[in-house]
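In: only geometry, no sequence info:
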DNA sequence: TCAAAACATTGAACAAGTTCAATAAATAAA
DNA sequence: TTTATTTATTGAACTTGTTCAATGTTTTGA
């Protein structure tokens, strides 16, 4: 049940079998059917989650009712609203399964417990947060400097697997453009 | 010399006077005159820096020669290219002083040394990375969902101090718009 | 298996933002 | 203080992306 999680952790830090076991035991599995929400806007995010199976989208709904995707999380990815989880403030995000999924959840209390009792867990989350930050920083640069066409092409190259599992609606919401415009980009690319 | 740094650290974690001293001793002061570069594209970022005095911009130059500002760092802020520093890869960023400035720099080796010898430093950087990540995530959402007018108004409200110290050219490069368009936004706002 | 719902495409009119060139204003340097 | 340089403003033409409405296609669920 936690094989994928264990493998994921050992990619970042080294832990003894015992430490690894003690940490993984803090996670609870939750099954989430397609279209179900793991969290909604206004709630305080009570968990940090590891995707064992399936696919999620983390998104925001703006004042005009448009959805923006902050990120997608498939197998082996982590999901949370780090702002809401860390500061215990109401979230402005929704987390929704796009396929029938399984997540392993750890509560804030259990995570704090791990920080204290398994010091290397501090390093684990330091490294993981660094990595997600680096990825977001790269996306920020791309969003500031590239045209929508190029961002779409980059997305396909970078996440060929996600590309296959997502609708154009979802991809457009990630790229920050309307799905109609994405459709026109696709036509333009296809005609080359 | 390191008063501001010490104060900044103690806002995030608690350290004994001894630990704090042992950590701060690892930093070296560097003076950077206005317009001088602390780092250029292509270099591997060898430091993590704390701004003691002055103001920096961290920016990227895209394939069309346009500059995008990833962030500004004034007194009490940290600067680095976390990607280049962490992975020891050539940076795609420039770090430049916008005023005569002073930074306290720590090398990668000394930072690793601190991680090992002062365990709470791991927590310090975990928390700091979390905070910058939360801020960037918020900016990403705003960039995806808000119009340039609104982003400009938000910027002034959020960073009234930075707003006063920056030219419109710099602000436009942060908002991701041309400075001519920013000028038109300003006229529109002023005429209300 | 068939109807409903969700998704994708298209065109036309529109809005947001860029580009270029010219000019004015402010700052820095000699 | 004068000149050179950088910054800010403006308008006109242009490009990128949006909106809306209509139509076709695919997926889903009863």
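Out: Cool, the structure landed. Note that the structure is predicted; figures quoted are calculated from it, not measured.
In: Could you look up the SS state of residue A:23?
Out: Classification of residue A:23 into helix, strand or coil gives helix, according to DSSP: H, G, I helix; E, B strand; the rest coil.
In: what about it, neighbour count?
Out: Counted with other CB atoms under 10 Å in any protein chain shown, the neighbours of residue A:23 add up to 24. To be clear about C-beta, it is placed using only N, CA and C from the backbone, and glycine gets the same treatment.
In: Make sure it is actually in contact with residue A:9.
Out: Yes - contact status for residue A:23 versus residue A:9: in contact at 7.2 Å, counting by CB atoms under 8 Å.
In: Need the overlap of contacts for the two.
Out: Residues touching both residue A:23 and residue A:9 (CB atoms under 8 Å, 6 or more residues apart in numbering or on different chains) are residue A:15.
In: Up against chain B, what does chain A have?
Out: Proximity of chain A to chain B, by CB under 8 Å from any CB of the partner chain, involves residues A:60, A:62-63, A:66, A:68, A:70, A:82-83, A:86-87, A:92, A:115, A:119, A:122-123, A:125-126, A:129-130, A:132-134, A:136-141, A:143-146, A:176.
In: Drop anything exposed from those residues.
Out: Buried residues within the residues of chain A next to chain B, defined by neighbour count using 16 or more other CB atoms under 10 Å in any protein chain shown: A:60, A:68, A:70, A:82-83, A:86, A:92, A:115, A:122-123, A:125-126, A:129-130, A:132-134, A:136-137, A:139-141, A:143-146, A:176.
In: and DNA strand D, which of those residues reach it?
Out: For DNA strand D, the contacts drawn from these by CB under 7 Å from any atom of the strand are residue A:176.
In: What about the buried ones among the residues of chain A next to chain B, which are in strands?
Out: Residues from these lying in strands, with DSSP state E as the criterion: A:60, A:68, A:70.
In: how near is the second one to residue A:60?
Out: Right, the one you point to is residue A:68. Shown here: residue A:68 relative to residue A:60, a distance of 5 Å by CB to CB, to the nearest Å.
In: any residues in contact with both of these two?
Out: Once CB under 8 Å, 6+ apart is applied, the residues that residue A:68 and residue A:60 both contact turn out to be B:141, B:144-145.
In: Centroid-nearest residue for chain A?
Out: Ranked by distance to the mean C-alpha position of chain A (CA atoms, centre = their mean), the top residue is residue A:73 at 3.8 Å.
In: so it makes contact with residue A:56?
Out: Yes - the pair formed by residue A:73 and residue A:56 meets the contact definition of CB under 8 Å, at 4.7 Å.
In: Return the member of the ones in strands among the buried ones among the residues of chain A next to chain B nearest to chain B.
Out: Within those, proximity to chain B (CB to the nearest CB) peaks at residue A:68, which comes in at 4.0 Å.
In: dump the residue contacts of that closest one.
Out: Taking CB under 8 Å, 6+ apart as the definition of contact, the neighbours of residue A:68 are A:59-62, A:173-174, A:176, B:141, B:144-145.
In: Any chance of the residues you listed in TSV with pLDDT and distance to residue B:182 as columns?
Out: Putting the contacts of residue A:68 into TSV (pLDDT from 0 to 100; distance: CB to CB, whole Å) gives the following:
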residue	pLDDT	distance to residue B:182
A:59	97	29
A:60	96	25
A:61	95	28
A:62	92	22
A:173	97	27
A:174	98	27
A:176	96	20
B:141	95	21
B:144	94	19
B:145	92	19
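In: overlap in contacts of residue A:73 and residue A:56?
Out: residue A:79.
In: For the longest helix along chain A, name the packing helices and strands.
Out: Within chain A, and with DSSP state H defining each element, the longest helix by residue count is helix A:120-145. Secondary structure elements in contact with helix A:120-145, counted by 3 or more CB pairs under 8 Å, 6 or more residues apart in numbering or on different chains; DSSP states H and E, are helix A:3-12, helix A:108-117, helix A:148-158, strand B:55-61, strand B:67-74, helix B:82-87, helix B:120-145.
In: does DNA strand C sit close to the last one?
Out: Which is helix B:120-145. No - under the criterion of CB under 7 Å from any atom of the strand, helix B:120-145 makes no contact with DNA strand C; the nearest approach is 9.7 Å.
In: from the chain's centre, how far out does stretch A:107-127 sit?
Out: Mean-position distance between stretch A:107-127 and its chain equals 19 Å (CA atoms, centre = their mean, to the nearest Å).
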